[in-house]
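S.K.: Have a look at this fold, sequence not included:
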């Protein structure tokens, strides 16, 4: 804190979550995640302000919080207090076919890390897509979709209402990191990230062989059990109107290559994305590329 005498650190004695709320608010850094004492971020220099700061938590600046002079605490730079706020310096979706779909990664203290799926839900995804100017959230997926990340795993739980403009406005709590591994890295697909599926082979974007992006590569979909309801979902996801026809056999737009990712897809027809439909699972099929399905949208 800066006062007329200059900069000084704050003693951790009696510094609590309400005080941290004001610090994070004043710095426009979201909500407090953790208060750390015992010079967790290193020892400061100069003065140590030893008064007990007694914020109610709704103040706009810590300077206007009441302070109580106390001789009860012996303060030194060994007891400098630190605060972690929720305002991550950057965030991104990576591993997908564009910037609006992928594995959720947050940058904190200069280091990128993934987010545990136990800490995430659709409301948090809605806020993330809004913050990235990627439209609305379509789906929350596991690491099997965009692959496992590396480095840190941020186990902060984002408790969002869904109407916030950025993640730092959501309430934050902590989840045990012991429950998390990169096998549980969460991914998000936003409506502007419909590049996770595509129609190819016709010369246009709204007709062609259906291909889906999964685990780092494009692959096709087998026509077993495929019907017009499934095609409607594809057209809706691609913002291509409604399905006009359901080209099944024999690979109307030519056979694809690479993996056959999906087979026996079963949609109700009202889903917003193909991965909301049921199927046996990724890569589970008894098909050849001569059975690759195609879709024609309006």
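M.R.: Looks like it came in fine. As the structure is a computational prediction, the values presented were derived from the model and not from experiment. Residues are numbered from 1 along each chain as shown.
S.K.: Just give the closest residue to the spatially most central residue of the chain, not the sequence neighbours.
M.R.: Central residue of the chain (Cα atoms, centre = their mean): residue 104, 3.8 Å from the mean position. Setting aside the residues directly before and after it, residue 104 is nearest to residue 115 in space (Cβ to Cβ, 6 or more residues apart in numbering), at 4.6 Å. To be clear about C-beta, it is placed using only N, CA and C from the backbone, and glycine gets the same treatment.
S.K.: Phi, psi for residue 22 please.
M.R.: Here the main-chain torsion angles of residue 22 (degrees, to the nearest 10) amount to phi -70, psi -40.
S.K.: which other helices and strands contact the helix or strand where residue 94 lies?
M.R.: The secondary structure element spanning residue 94 is strand 90-98 (assigned by DSSP states H and E). Under the contact definition 3 or more Cβ pairs under 8 Å, 6 or more residues apart in numbering; DSSP states H and E, strand 90-98 sits against strand 101-108, helix 122-131, helix 143-146, strand 187-190.
S.K.: Low-confidence stretches in this structure?
M.R.: Scanning the chain for pLDDT under 70 picks out the ranges 70-73, 87-89, 109, 174-178, 193-195, 245-251.
S.K.: Could you chop it up by domain?
M.R.: Following automatic domain parsing, one finds the domains of the chain at 2-85, 90-193, 202-297.
S.K.: Is residue 293 in contact with residue 209, as I believe?
M.R.: Yes - counting by Cβ atoms under 8 Å, residue 293 does reach residue 209; the two are 7.4 Å apart.
S.K.: Please say which of these two ends up with more neighbours.
M.R.: Per other Cβ atoms under 10 Å, whichever of residue 293 and residue 209 has more neighbours is residue 293, with 28 against 23.
S.K.: Not counting the strand holding residue 94 itself, show me its contacts.
M.R.: Residues outside strand 90-98 that contact it (Cβ atoms under 8 Å, 6 or more residues apart in numbering) are 99-107, 112, 128, 131-132, 134, 146-147, 149, 167, 187-190, 193, 195-196, 213, 216.
S.K.: Identify each buried residue in that strand, please.
M.R.: Neighbour-count burial for strand 90-98, with 16 or more other Cβ atoms under 10 Å as criterion, is recorded at 91, 93-97.
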